[in-house]
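>>> take this sequence and fold it.
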Amino acid sequence: MISKIEISAFSSMIIVTLPFPALPVVCTSEDGDTRKHASGHDILSSAIMSSALKCEGSAPLSDKMMQERKQGILLELNQTVSGLWKCYLENEGGCTEKFEEDTIAQCYLAYCAGFRQYMRCYPGSPDLRIMDLEDVDINSAVHLQSVAHLNARAKMFGDTGESVGPRVGYAGLLKEYVQSLYAESQYCSTE
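So this is what the prediction gives:
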């Protein structure tokens, strides 16, 4: 029997390897307030943990098919986000801050779409609504988890640059995610 601590560690290990920022997933409360949100990382962590408990001893074929499906989603996300950022760079940033903002917004939508697809690999509702990029407050759990996730990924993948600070806005964090994914795609294409 696997302990809850082991499953939690397993879930954290998986999440740090994934390229998804913590996304603000819409939640409703008893008072019907739809402006509340939970972190996509928390929801994904719960899905991974429940799947790990449920699938202990599952058929290897179904595990392999699911892994291939997840890999396909991640590859598509990488191609989409990297392609958007490459276009931005080739146009020398469009010479405007607005062009960069628009590119980051398009990448955010790609992350949201990829996250929805990835979450469909786990049991649960397919209706996953994600708040707008501008709705993430710098003091929210989503923002704090994104900072921690970026820094953990940087350490894991050997980035020797400076850590991302907690005062960087959410759009700035997304730019870090986009640049990181683009750099990974460039590294992989040169091997």
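
>>> local confidence estimate at Asn14?
Just to correct that, residue 14 is Ile rather than Asn. pLDDT for Ile14: 92.

>>> that one: how many residues sit nearby?
The tally of other residues near Ile14 (other Cβ atoms under 10 Å) stands at 15. Bear in mind the C-beta positions are built from the backbone N, C-alpha and C, glycine included.

>>> now swap in His41 and tell me
Neighbours around His41, by other Cβ under 10 Å: 25.

>>> and it, how far from Cys112?
According to Cβ to Cβ, to the nearest Å, His41 and Cys112 sit 14 Å apart.

>>> now do Gly83
Taking Cβ to Cβ, one finds Gly83 at 16 Å from Cys112.

>>> so where do the strands sit in the chain?
24-27, 36-39 (DSSP state E).

>>> show me what the last one is packed up against.
Okay, so that is strand 36-39. With contacts taken as 3 or more Cβ pairs under 8 Å, 6 or more residues apart in numbering; DSSP states H and E, strand 36-39 sits against strand 24-27, helix 141-156.

>>> so for Lys4, which of the ones you listed sits nearest?
helix 141-156 (20.1 Å; Cβ to Cβ).

>>> contacts for that closest one?
15-17, 21-24, 37-42, 136-137, 159, 161, 163-166, 168, 170, 173, 176-177, 180 (Cβ atoms under 8 Å, 6 or more residues apart in numbering).

>>> just to revisit the earlier point, deepest in the core, which of the strands of the chain is it.
Of all the strands of the chain, strand 24-27 has the most neighbours on average by mean count of other Cβ atoms under 10 Å, namely a mean of 20.

>>> of Gly83 and Cys112, who's got more company?
Cys112 (22 against 14).

>>> what's the closest non-adjacent residue to the more buried one?
Closest residue to Cys112 apart from its sequence neighbours, by Cβ to Cβ, 6 or more residues apart in numbering: Ile130 at 4.6 Å.
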